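Colleague: model this:
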Amino acid sequence: MKAYPILLFCLAGPCLGGLYLGCDTSTADPSGTGAGGDGSGGADGGAGGEGGEGGEGGDLCGNGVVDDGEQCDGADFGGDDCTTYGFAGGQLLCDLSCGVLPTGCIPKEVCNDGVDNDDDGHADCDDATCTSTAACISPCDDPVLLSATAMGFAGSLAGHADTLQSSCSTTSGSEVVIQVAGPPAASTLELVLNSEDDVTLSVRTACGDATSEVACANDQGASGGETLTLPIGQGESVFIVIDAVDPAATGDFSLAVFL
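Modeller: Below is the predicted model of the structure:
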């Protein structure tokens, strides 16, 4: 029996079931050894993604070593101590954020504020740290010495002792003493003072003796300018006292001396 129905189906179009893409009209190879077509390879795979960046380093505060951006770490203060921060002594502390805490430091004694700043039981000039400072040494022990015929001196009231009292003021603050050497012949002493603070200007023949005062001026009040003119004997050395009226005065002054 001949297979005509199959041939007619094949001529009608592609074979069903995916067995054929089209009807093959070529002559069949009797030996069955015909070569098949090479199939092309699939597309290459995509390139691999880049590696991720490394994470940031952890917080170094707490590792016991002072690193950049830290004032301290544990007991490491980078060589600093309380004196670095203006204190007399004591022990620095380090907080949890690696910042310095000076709460364990001992403050320096301020030698003219009436307070026991370092809490050692001794205030101001009674404290051993103050005994050799200008604030605790009488200005009569180390006066400024002038000896020329036309003289001048500029200075500050800051840090000087308050040990003298002028007769023309009921209050007193820091004072500076200037000694003028006696002239070779009797003369007239003229003093011109300019000051940022209200001060008295006085003259004594014996620095530490208030009763030796021979002249005192306190006329200008807060303007701070005072003048004095008085005779001076041959070879007579005198002491010029510039004394602040306000105990808290720390301003600058200038004095012109003519002899």
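Colleague: how about the strands of the stretch 1-150 of the chain, start to end?
Modeller: 89-90, 93-94, 100-101, 105-106, 144-146, 150-156 (DSSP state E, counting those that start in this stretch).
Colleague: Of those, which stretch is the most buried?
Modeller: Comparing the strands of the stretch 1-150 of the chain by mean neighbour count (mean count of other C-beta atoms under 10 Å), strand 105-106 ranks first with a mean of 18. Placement of C-beta: from N, CA and C, glycine included.
Colleague: Average pLDDT for that strand, rounded please.
Modeller: For strand 105-106, the mean pLDDT works out to 88.
Colleague: give me every residue that touches D119.
Modeller: I106 (C-beta atoms under 8 Å, 6 or more residues apart in numbering).
Colleague: distance of it from L146?
Modeller: Distance of D119 to L146, given as C-beta to C-beta, to the nearest Å: 42 Å.
Colleague: Make a markdown table from the strands of the stretch 1-150 of the chain and add distance to A210 to it.
Modeller: A markdown table is the format used below for these (distance: least, C-beta to C-beta, whole Å):
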| stretch | distance to A210 |
| --- | --- |
| strand 89-90 | 40 |
| strand 93-94 | 50 |
| strand 100-101 | 49 |
| strand 105-106 | 38 |
| strand 144-146 | 20 |
| strand 150-156 | 22 |
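Colleague: and of the ones you listed, who's closest to N218?
Modeller: Closest approach to N218 among the strands of the stretch 1-150 of the chain (C-beta to C-beta): strand 150-156, 19.1 Å.
Colleague: From G99, how far out is A75?
Modeller: Using C-beta to C-beta, A75 is found at 15 Å from G99.
Colleague: remind me which residues of the stretch 51-200 of the chain are low pLDDT?
Modeller: Filtered on pLDDT under 70, the stretch 51-200 of the chain yields the residue ranges 51-58, 112, 148-150.
Colleague: now the end-to-end length of stretch 88-102.
Modeller: The first and last residues of stretch 88-102 sit 11 Å apart, counting by C-alpha to C-alpha, to the nearest Å.
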